[in-house]
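Asker: This is a predicted model, with the sequence first.
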Amino acid sequence: MGETCQGAAEEAAEVVIVGAGMVGAVLACLLGEAGVTVTLVDARETLLDPESVGRGQPGIRVSALTPVSQTLLEGLGAWGWMAARRISPYRFMQVWDAEGSGEVSFSAEQAGVARLGHIVENDVTQAALERRLGALVSVRLVLGARVTGLSELADGARCVQLADGRRLTAPLVIAADGARSPLRELAGIDVNAHETGHRAVVTTVRAERPHGDVARQVFLPTGPLAFLPLRLDGERHHCSIVWSTSPEEAERLLGLSTEALGEELAMAIGHRLGEVTVIDRAVSFPLVQRHAQRYVLPGLALVGDAAHSIHPLAGQGVNLGLMDAAVLAEELLAARRRGVALYDERWLSRYARRRRGDNAGMLALMDGFRLLFGTRHPALTLARNLGLGAVDRLTPLKRLIMQQAIGHRGRLPSSCR
């Protein structure tokens, strides 16, 4: 478990959260609003500058936030600020197979909602949550802090050792520190991980034709390509690009000029948006699917990417993490009201039971889609094209799929209803 806890003691809190990204920040807000004393730890030295976020060119990393996630962020008082900066609603989705005629379309009207979701720059969501955290007196933020040790104390509480010698103690420590979670490793929790064989190439483009609030995804022989609609200064011509492809193809794409990359993107979606102009650098990162073998131990819980990381095929990663935070907060507040110790693994297991199945199902579904659409076998190619066509014609099945996509799965926590 790394270094044992020694050095200058810090003021104890009820909960220590390691990782102040979107998921960790949402969890801190939910607990802090209920008066729980929280120490939120992050390796970053500074917070985002709210005056520069959501202005000018969009950030290269975005998320597709579902209506359920929107409800959660509205309840925290973050959504209004986000909307005043930049959010991009989408009301339609088009999914098709580049190697056939199979295509399926979804609409918000069919799902019974005003919109299917919003494409939001990660920095916009993050900055809104940081502003909210600053107003919560029961949340203390510790920046520039690297965790080097984790130990269990005699009274059942946990102690987190920091590289600068400080130690933080609390009945419960929560790992929200990402897919390569150091805290998860210190706790000795193993993960089931496998390489997807893909790297994600991301950038931002401007298209000749307006996107019409449509999120588009085409399955290419080398992997799926998504055009996610953005609204900039009232215009509907910009899109965020996520191209999941082989490492060799990703390297080739990164080596292209912006003009050549734009031509490849336009051709890849059959010129549905006309000419495509790349307006930002293209970056790439590996896609590894991970699932922690355990979500909880006595005095410890994992949330977000620390518990699971998923292929970006359906844009569900951050939504799954936000649901983790909402469910864990609900269970912790219920335990607190009943006088149950927050380190009690039996109570923490309630959170694990509510979230593990949903997360595992989504991971399996995305992996299945990746494998099905990655095959070149003629029989499977025919089957998936017929399947897409059948889904497009079966309204009840489409409605079920859309309910899943907008986040209406299982028993929602009260903060998401």
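Answerer: Done, it's in.
Asker: how about the strands in the stretch 301-417 of the chain?
Answerer: Along the stretch 301-417 of the chain, the stretches classed as strands by DSSP state E, counting those that start in this stretch are 308-309.
Asker: all helices for it, in order.
Answerer: 317-338, 345-374, 378-393, 395-405 (DSSP state H, counting those that start in this stretch).
Asker: Can you tell me which of those helices has the worst average pLDDT?
Answerer: The weakest mean pLDDT among the helices of the stretch 301-417 of the chain belongs to helix 378-393, with a mean of 50.
Asker: For residue 141, which residues are in contact?
Answerer: Contacts for residue 141 (C-beta atoms under 8 Å, 6 or more residues apart in numbering) come out as 20, 40, 42, 47, 133. Every residue, glycine included, has its C-beta placed from N, CA and C.
Asker: let's see it at 7 Å
Answerer: 20, 40, 133 (C-beta atoms under 7 Å, 6 or more residues apart in numbering).
Asker: Check the gap between it and residue 324 for me.
Answerer: 21 Å (C-beta to C-beta, to the nearest Å).
Asker: For this protein, which segments are assigned as helices?
Answerer: Here the chain has its helices, by DSSP state H, at 22-33, 67-75, 79-85, 108-111, 122-134, 182-186, 247-254, 258-268, 317-338, 345-374, 378-393, 395-405.
Asker: And for residue 247, nearest residue in space, chain neighbours not counted?
Answerer: residue 199 (5.2 Å; C-beta to C-beta, 6 or more residues apart in numbering).
Asker: For that neighbour, name its beta-bridge partners.
Answerer: Taking DSSP bridges as the rule, residue 199 bridges to residue 245, residue 286.
Asker: Check the one 5 residues further on too.
Answerer: Using DSSP bridges, the bridge partners assigned to residue 204 are residue 240.
Asker: how about it, what does it touch?
Answerer: 58, 60, 238, 240, 241, 279, 280.
Asker: Got a quick PyMOL command for the buried subset of the residues you listed?
Answerer: A single PyMOL command selects the buried members of these (16 or more other C-beta atoms under 10 Å):
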select buried, resi 58+60+238+240+241+280
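Asker: what's the closest of the contacts of residue 141 to residue 361?
Answerer: residue 20 (28.4 Å; C-beta to C-beta).
Asker: For residue 126, see how far away the residue lying closest to that closest one once chain neighbours are set aside is.
Answerer: Distance criterion C-beta to C-beta, 6+ apart; nearest residue to residue 20, sequence neighbours excluded, is residue 42 at 3.7 Å. Distance from residue 42 to residue 126, counting by C-beta to C-beta: 11 Å.
Asker: Flag the shaky bits of the chain, pLDDT-wise.
Answerer: 1-11, 101, 312-315, 365-402 (pLDDT under 70).
Asker: rerun that using 50 as the cut-off
Answerer: 371-373, 375-377, 379-386 (pLDDT under 50).
Asker: So which residue is dead centre in it?
Answerer: Nearest residue to the geometric centre of the chain (C-alpha atoms, centre = their mean): residue 318, 1.5 Å.
Asker: So what pairs up with the closest residue to it other than its chain neighbours in the strands?
Answerer: Leaving aside its sequence neighbours, residue 318 sits nearest to residue 63 (C-beta to C-beta, 6+ apart; 4.4 Å). With DSSP bridges as the criterion, residue 63 is bridged to residue 120.
Asker: right, and residue 63 touches residue 120 too?
Answerer: Yes - with contact defined as C-beta atoms under 7 Å, residue 63 counts as touching residue 120 (5.9 Å).
Asker: quick one, which of those two is more surrounded?
Answerer: residue 120 (29 against 25; other C-beta atoms under 10 Å).
Asker: Show me the contact partners of stretch 212-229.
Answerer: By C-beta under 7 Å, 6+ apart, stretch 212-229 touches 62, 64, 88-99, 119, 198, 211, 236, 239-246, 249, 268-269, 272-273, 313, 373-374, 376.
Asker: coming back round to it: could I get the contacts of residue 141 as a markdown table with neighbour count?
Answerer: Below are the contacts of residue 141 laid out as a markdown table (neighbours: other C-beta atoms under 10 Å):
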| residue | neighbour count |
| --- | --- |
| 20 | 27 |
| 40 | 28 |
| 133 | 23 |
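Asker: And residue 194, how close does it get to residue 200?
Answerer: Distance of residue 194 to residue 200, given as C-beta to C-beta: 16 Å.
Asker: How about residue 104?
Answerer: 23 Å.
Asker: cool, and residue 182?
Answerer: 23 Å.
Asker: and what of residue 326?
Answerer: On the measure of C-beta to C-beta, residue 326 and residue 200 end up 26 Å apart.
Asker: Between those two, which is the more surrounded one?
Answerer: More crowded of residue 326 and residue 200, by other C-beta under 10 Å: residue 326, with 27 against 21.
Asker: Quickly note the distance from the nearest residue to that one once chain neighbours are set aside to residue 123.
Answerer: Closest residue in space to residue 326, ignoring its immediate chain neighbours: residue 413 at 4.3 Å, by C-beta to C-beta, 6+ apart. According to C-beta to C-beta, residue 413 and residue 123 sit 26 Å apart.
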